[in-house]
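In: need the 3D shape of this:
(one chain, ligands or ions: 1)
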Amino acid sequence: MSANSAVVNSVLDQIGASGHKKVVYCNDPDTGLRAIIAIHDTTLGPALGGTRMWSYASEGEALEDVLRLSRGMTYKAAITGLNLGGGNAVIIGDSRKDKTESMMRSYGRFIKNLNGEFITAEDVGTTTRDMEYIGMETQHVTGVPESIGGAGDPAPHTAKGVYLGIKACVKEVFGTDMLAGRSVVVQGIGRVGEHLIELLRAENVEVYISDIDEERVQHIARTYKAKPIAADKIFGLNADIYAPCALGATVNEKTIQKMNFAIIAGSANNQLADEQAHGKLLLDKGILFAPDYLINAGGLISCYSELTGYGKKRTIQLTENIYNATRDVIKMSKKDNIPTIWAANRIAEQRIIDIKKIKSSF
Ligand SMILES: NC(=O)c1ccc[n+]([C@@H]2O[C@H](COP(=O)([O-])OP(=O)(O)OC[C@H]3O[C@@H](n4cnc5c(N)ncnc54)[C@H](O)[C@@H]3O)[C@@H](O)[C@H]2O)c1
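Out: Numbers count the residues shown, from 1 in each chain. The predicted model follows:
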C-alpha cells in the first residue's frame, strides 16, 4: 500500500466512523479557496449548515471540526422538528485577511454543483454579506440580508434560544426562571454573545465576559456594564452559569475539574470534547448541561423560515419552544438518570428512525 492510499483510507475511516454520507474537498487556486463541505445525514431533508472560516493549523484539524459540526446539525434539525438534514462547511483561512468576493463566489459554485443537497448559512468568520456573494452563484444559501429578501443575521434568534435554554435550566436548579441576581460568564462575545448579554443585562444578571479580542471586550464592557475576566480565570469563577459562545470543546476533563458552575448553557457548537465521557462527568458532578444543539437552534430555525417562506412569526414561535424542549430533555435525563446530552441524542435519533420508516413506502 502506498503512503497516499494510507492517507485516503484514514480520511474515509474518519468519515465512516462519524456516520457521514459525503465529504467534498473544494480547491480553487485562482481565488485561494480551500474548503471542506461535510454532509452527515439527509434523511429528514437537505443538509443545512453554516460555513465557518478559520485559520486551522492543519487540514486534519479542519476535517475534524467540519465532521463534528455537521453531525451536530443533523441532531439540531431533528430535535427541533425541522425537515432538514445535517451538514456544515469550513473554509481554511483568516477571514479578516484572506476573504474576497471572488473566493466566496467560487465557493458558491461548489455548493451549486451539489444540486441542493447542501444549503449554507453564516458561522464564525462569515457574514450576511458573504451569503449574498454565495447567493450570486447558487440559490442554496440562507441568512442573506433582509434588504434583499432574506431573513438576515440568524444570531439574534440563536441568542434568544440560548437565553430561553438558560431560563429552563435556572428553573430546574433554582425553582424559578427569574434571572435577576444570577451570574453568568459569557466566553466569546461575538454576534451571539453580544445579543445574549443584552438579554441578560435587561434582567439584571451579573455578566462576566471573556474574548481573545481585547478591543471588543472593552466595547462590550462599556456598553452593557459587563465585567471582563481573564481567560484563565473563567473555570474557577464562582458564577451560577457558564455560557460558552466561542468555539467548541471547552468542556473537558481539565475544565470540569475546576468548575463551580451550577449550569452550562451557551451557543457554541460541540461544547463537550467527548459527549459520552464528559456528559457523564457533568452528571456526576451535579452540573446541569443544556445540550448545545438544542438551545442554539434559533439561527437554524430562522434559516428554515427563510427557505420555506414561513417568515419571522414562525421563527419566533419555534424558537420559544426551546424553553419547553429543554425542560423535556431535563425531565428525561432525571427519569432515566442519564446525562442531558444522551437524552437529547435519544430524542433526535428516534425522530430520524421514525421518519426513515415512513419514507420507505411509496
Ligand atoms: N451565529 C449563529 O446564529 C450561531 C448559531 C448556532 C451556533 N453558533 C455558534 O455560536 C458560537 C458563536 O457564534 P457567533 O456567530 O457569535 O460567532 P462570532 O465569530 O461572531 O463570535 C465568536 C467570538 O468568539 C471569540 N473567540 C474565539 N476564540 C475564542 C477563545 N478561545 N476564547 C474567547 N473568545 C474567543 C471571537 O473573538 C469572537 O468575538 C460559534 O461556536 C457558532 O458556531 C452560532
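
In: OK, contacts around the nearest residue to residue 136 once chain neighbours are set aside?
Out: Computed as C-beta to C-beta, 6 or more residues apart in numbering, the closest residue to residue 136 that is not its neighbour in sequence is residue 105, at 5.7 Å. All C-beta atoms are positioned from the backbone trio N, CA, C, and that covers glycine. Neighbouring residues of residue 105 by C-beta atoms under 8 Å, 6 or more residues apart in numbering: 31, 133, 134, 136, 137.

In: just the element for the second one, please.
Out: Just to be clear, that refers to residue 133. For residue 133, the host element (DSSP states H and E) is helix 128-135.

In: in that helix, what counts as buried?
Out: 128, 130, 131, 132, 133, 134, 135 (16 or more other C-beta atoms under 10 Å).

In: dump those residues into CSV; add distance to the ligand as well.
Out: Converted to CSV, the buried residues of helix 128-135 look like this (distance: C-beta to the nearest ligand atom, whole Å):
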residue, distance to the ligand
128, 11
130, 12
131, 12
132, 16
133, 18
134, 16
135, 18
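
In: center of the protein, which residue is that?
Out: Closest residue to the average C-alpha location of the chain: residue 269 at 3.6 Å, with C-alpha atoms, centre = their mean.

In: next, the angle from the helix or strand just after the helix holding residue 133 to helix 128-135.
Out: Once the chain leaves helix 128-135, the next helix or strand it forms, by DSSP H and E, is helix 155-174. If you take axes from the mean of the first three to the mean of the last three C-alpha atoms, to 10 degrees, helix 155-174 sits at 120 degrees to helix 128-135.

In: packing partners of helix 155-174?
Out: Here helix 155-174 touches helix 191-201, strand 241-244, strand 263-264, strand 288-289, helix 292-295, helix 298-308, helix 312-336, going by 3 or more C-beta pairs under 8 Å, 6 or more residues apart in numbering; DSSP states H and E.

In: the residue in the chain positioned nearest to the ligand and residue 45, how far apart?
Out: Using C-beta to the nearest ligand atom, residue 190 is the residue of the chain that sits closest to the ligand, at 1.8 Å. From residue 190 across to residue 45, the span is 28 Å (C-beta to C-beta, to the nearest Å).

In: residues from the stretch 1-150 of the chain in reach of the ligand?
Out: Taking C-beta under 6 Å from any ligand atom as the criterion, the neighbours of the ligand within the stretch 1-150 of the chain are 123, 124.

In: the stretch 1-150 of the chain: strands as residue ranges?
Out: Using DSSP state E, counting those that start in this stretch, the strands assigned to the stretch 1-150 of the chain run over residues 22-28, 33-41, 47-54, 85-92, 118-122.
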